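Have a look at this prediction, sequence included:
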Amino acid sequence: MGTTTVRSARLGLRATPQQEAVLRRAAEIAHKSMTDFILDSACQAAERTLLDQCLFLVSGSQSQVLLELLDRPAQVHDGLKDLFSRPAPWER
């Protein structure tokens, strides 16, 4: 099988009995240990979240329109100017 990666980081979590039962059943169906199932699932969700921040999938025509929009000179937008002049809700 491939090379074995040594796991050195320890993660701890608590779950309700219902959550544990669902995770255990899903791990069994996937023929994985609970650790492997939880780590694989969490990493997939994390990668999707990160990709949502930096990856845009568009068709050829959409790509051209996007590039044209990005090439336009910057414009003042009063609504954004007002938004960015106020403190963030968590800073209030």
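Sure thing, it's come through.

can we go C-alpha only for contacts and neighbour counts from here?
Fine.

Quick check, central residue of this protein?
residue 49 (1.0 Å; C-alpha atoms, centre = their mean).

secondary structure element for that residue?
Per DSSP states H and E, residue 49 falls inside helix 34-54.

I'd like to know which elements that helix is packed against.
helix 17-29 (3 or more C-alpha pairs under 8 Å, 6 or more residues apart in numbering; DSSP states H and E).

Report how many residues lie close to residue 18.
9 (other C-alpha atoms under 10 Å).

Over to the one 5 residues further on?
Taking other C-alpha under 10 Å as the criterion, the count of residues near residue 23 is 17.

Toward the C-terminus from the helix holding residue 49, list the very next helix or strand.
That would be, after helix 34-54 and using DSSP H and E, helix 60-71.

Only alpha carbons, please: show that following helix as PDB.
Taking Å, rounded to 0.1, in the frame of the first residue of the first chain, the C-alpha atoms of helix 60-71 are listed here in PDB:
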ATOM      1  CA  GLY A  60     -15.200  30.600 -21.400                       C
ATOM      2  CA  SER A  61     -17.700  33.400 -22.000                       C
ATOM      3  CA  GLN A  62     -18.000  34.100 -18.300                       C
ATOM      4  CA  SER A  63     -14.200  34.100 -18.000                       C
ATOM      5  CA  GLN A  64     -13.900  36.800 -20.700                       C
ATOM      6  CA  VAL A  65     -16.600  39.000 -18.900                       C
ATOM      7  CA  LEU A  66     -14.800  38.500 -15.600                       C
ATOM      8  CA  LEU A  67     -11.500  39.500 -17.000                       C
ATOM      9  CA  GLU A  68     -13.000  42.600 -18.600                       C
ATOM     10  CA  LEU A  69     -14.500  43.600 -15.200                       C
ATOM     11  CA  LEU A  70     -11.200  43.100 -13.400                       C
ATOM     12  CA  ASP A  71      -9.400  45.200 -16.000                       C
END
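
one step back: please state the offset of the helix holding residue 49 from the chain centre?
7 Å (C-alpha atoms, centre = their mean, to the nearest Å).
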